[in-house]
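quick check, what structure comes out for this input:
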Amino acid sequence: MNLIVKGIVFFIITTIVISCGYTKTEDDKFPDMEVFPENSNTEIAIQPLKMKIYDMYSSNNATLYAAVNFFYDDGSTGQYIMEMDNELNSIDSIPRHGSYFIAKNENFYVNDKNGNVIKYHDLKSKPQKVPIHPFHGQLYKDDIEKKLKEKGSYALNKFPDSLHYDISRKIDSISYHKSVDEFNKQVLTNLECVRDIGDWYLLTYPQNEFIIKEMPTLLWKENIGNRKEPYEQLNEFDQCQRRDKFIKVDNKSLSIKDKAVTANGSSGGNHFVPGTFYPKGYQYYEFNINDTTTQFKIFAEHVLAQKITSRNIPNTNIYLLDVKPEIYDYDHPTTYIIVKE
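Next up is the predicted model:
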């Protein structure tokens, strides 16, 4: 009887574990393969750039611009828009703090440390603070509400306390819709395009540009009816064109040839209920550049998701290898440069 009970318990536990995503483990399939950034071919060098290169753009004078996170030796990080030559040597840079936008007309927009939006015509130009739009939606609505509550047919002192809630809802609706009417008049009239930069919307008009964040909002959402909120109108408006990306993900040169699940990680759960398992282990890569091949492996916390992707600088043998960060290290992804000797 004890054997039967033990068998049933074992079966139940095994079923629970498997249903939670547990994967059978195995040994490293290629223990002698070089571990990234080392690789099997001495003709190919893979070197860390000490930075993460995000979007990269070309300019009219054949230089490159890239948004980068630079990792200093003391562990600190600096964010920049960096101008580079085609070998990725830095020429010039401007600081950024989070969001940025590189426009089709080659203007640069970045957030500064105070959250303002700063504009540069080029990296050597004097920075210009983009002004805030003179229409302050919430202040406009609050002013209407104050006037309605103090005088007129909806003045609260004309009604008993038991009706103040219903009257306040009516005032919220009237003030909101009047504010949106004014928003449409002052903000949307002659607006050419919109681009969000951090918490702000960049608004471009024929002769000037502004940023805006404060827009009228409702206390009772049911008062909106079928009307679109201001931020919805801006999100659906024509987007200001950004500069074309110079390099994109290259799906031909780099490929995963095999994987090995050597362990299982888990998330959630407690002493009584197991969490969700996910497979960890090695990914085995092959990289081809002009008929030259190399192999390497890397350990991945999520072995089913490709950890390394590649980008090629057009008309060169220079590739960027972007390594995704591990769990809880999302601020430190790294870019490597790979060059054929």
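
buried ones in stretch 47-60?
With burial defined by 16 or more other C-beta atoms under 10 Å, the residues of stretch 47-60 counted as buried are L49, M51, K52, I53, D55, M56, Y57, S58. C-beta coordinates here come from the backbone N, C-alpha and C atoms, glycine included.

look up how far E286 lies from the fifth one.
It stands for D55. Computed as C-beta to C-beta, to the nearest Å, the D55 to E286 distance reads 27 Å.

hang on, T42 is in a helix, isn't it?
No - in this structure, T42 is coil, not part of a helix, as judged by DSSP: H, G, I helix; E, B strand; the rest coil.

mind checking pLDDT for it?
At T42, the pLDDT value in this model is 90.

now swap in E192 and tell me
At E192, the pLDDT value in this model is 95.

what's the answer for the one 5 residues further on, then?
Here, the pLDDT recorded for I197 equals 92.

also the one 3 residues further on?
Reading off the per-residue confidence, W200 sits at a pLDDT of 93.

mind checking how far the residue lying closest to it once chain neighbours are set aside is from L123?
Nearest non-adjacent residue to W200, counting by C-beta to C-beta, 6 or more residues apart in numbering: I211, 4.3 Å away. Distance, I211 to L123, by C-beta to C-beta: 21 Å.

more crowded one of these two?
I211 (22 against 17; other C-beta atoms under 10 Å).

can you give the contact residues for the strand or helix carrying that one?
Per DSSP states H and E: I211 is located in strand 209-212. Outside strand 209-212, the residues that touch it by C-beta atoms under 8 Å, 6 or more residues apart in numbering are 117, 130-135, 137, 187, 197, 200-203.

how far is that strand from where the chain is centred?
Mean C-alpha position of strand 209-212 versus that of the full chain (C-alpha atoms, centre = their mean, to the nearest Å) differs by 22 Å.

pull it out as PDB, backbone CA atoms only.
What follows is strand 209-212, C-alpha atoms only, in PDB (Å, rounded to 0.1, in the frame of the first residue of the first chain):
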ATOM      1  CA  GLU A 209       7.200  74.500 -32.300                       C
ATOM      2  CA  PHE A 210       6.100  73.800 -28.700                       C
ATOM      3  CA  ILE A 211       6.000  71.000 -26.200                       C
ATOM      4  CA  ILE A 212       2.900  70.100 -24.200                       C
END
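
ok, then the element right after it?
Toward the C-terminal end, the helix or strand that comes next after strand 209-212 (DSSP H and E) is helix 230-235.

who does the helix or strand that that next one is followed by touch, helix- and strand-wise?
Next in sequence after helix 230-235, counting helices and strands by DSSP H and E, comes strand 249-250. Packing partners of strand 249-250 (3 or more C-beta pairs under 8 Å, 6 or more residues apart in numbering; DSSP states H and E): strand 308-312.

again, only this time at 10 Å
Here strand 249-250 touches strand 308-312, strand 318-323, going by 3 or more C-beta pairs under 10 Å, 6 or more residues apart in numbering; DSSP states H and E.
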